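Q: Give me coordinates for this.
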Amino acid sequence: MKTALFVLLALPEYAFSDDGASQGYSFWASLLQMLAALAFVVGLILLAKYLSGKLFGARFNSAATKHIRIVETRYLGPKKSLLLVEVGGEYLLLGNSEESLTLLTKVNMIENIEVLEEGPDKISNLMSLFRPASGKEKRS
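A: This next block holds a predicted model:
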């Protein structure tokens, strides 16, 4: 393998030289040598990727160590959202705002989740969950 690589890299020098001494510039010889060097470098990169996958694959494989999964995200406004998260087989409904992440409820079965009707009153009720609590809050 080493001799084949050496011959491939040195081939343009031998093929286009006059009596073993290079007298001038040869475009095709340089192009062939550059392509051979490029193939060698790309081969080294692919070999390193393959070997690192074999040696460190179990440690860095995110699919093998996934215990937390975000099932769905609903954005309610800027920097405010609802998250349905599966953790260890349990489903949790979380409220996410700029300041905090709050556990709203545990969902026993995913089939029991009701679809909320979208409308201004339903959204405002959900938005009130994320507003800071104050004693002088206006209710309409």
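Q: longest helix anywhere in this structure?
A: helix 27-60 (DSSP state H).
Q: Report all helices and strands that that helix contacts.
A: Here helix 27-60 touches helix 2-15, going by 3 or more C-beta pairs under 8 Å, 6 or more residues apart in numbering; DSSP states H and E. Glycine gets a C-beta too; all of them are placed from N, C-alpha and C.
Q: Might you report the residue contacts of Leu51?
A: Leu51 makes contact with no residue, according to C-beta atoms under 8 Å, 6 or more residues apart in numbering.
Q: Packing partners of the top strand by length along the chain?
A: Taking DSSP state E as the criterion, the chain has its longest strand at strand 68-77. Using 3+ C-beta pairs under 8 Å, 6+ apart, the elements in contact with strand 68-77 are strand 80-87, helix 120-128.
Q: Of the ones you listed, which shows the lowest average pLDDT?
A: Lowest mean pLDDT within the helices and strands packed on strand 68-77: helix 120-128, a mean of 60.
Q: still on that earlier bit, can I get the longest strand of the chain as CSV, trimmed to CA atoms?
A: Only the C-alpha atoms of strand 68-77 are listed here, as CSV (Å, rounded to 0.1, in the frame of the first residue of the first chain):
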residue,chain,number,x,y,z
ILE,A,68,-35.8,12.9,27.4
ARG,A,69,-37.9,13.7,24.4
ILE,A,70,-39.8,16.8,23.5
VAL,A,71,-43.0,15.6,22.0
GLU,A,72,-44.6,18.9,21.0
THR,A,73,-44.0,22.6,21.5
ARG,A,74,-46.7,25.3,21.2
TYR,A,75,-45.6,28.9,21.1
LEU,A,76,-48.0,31.3,22.9
GLY,A,77,-46.1,34.5,22.3
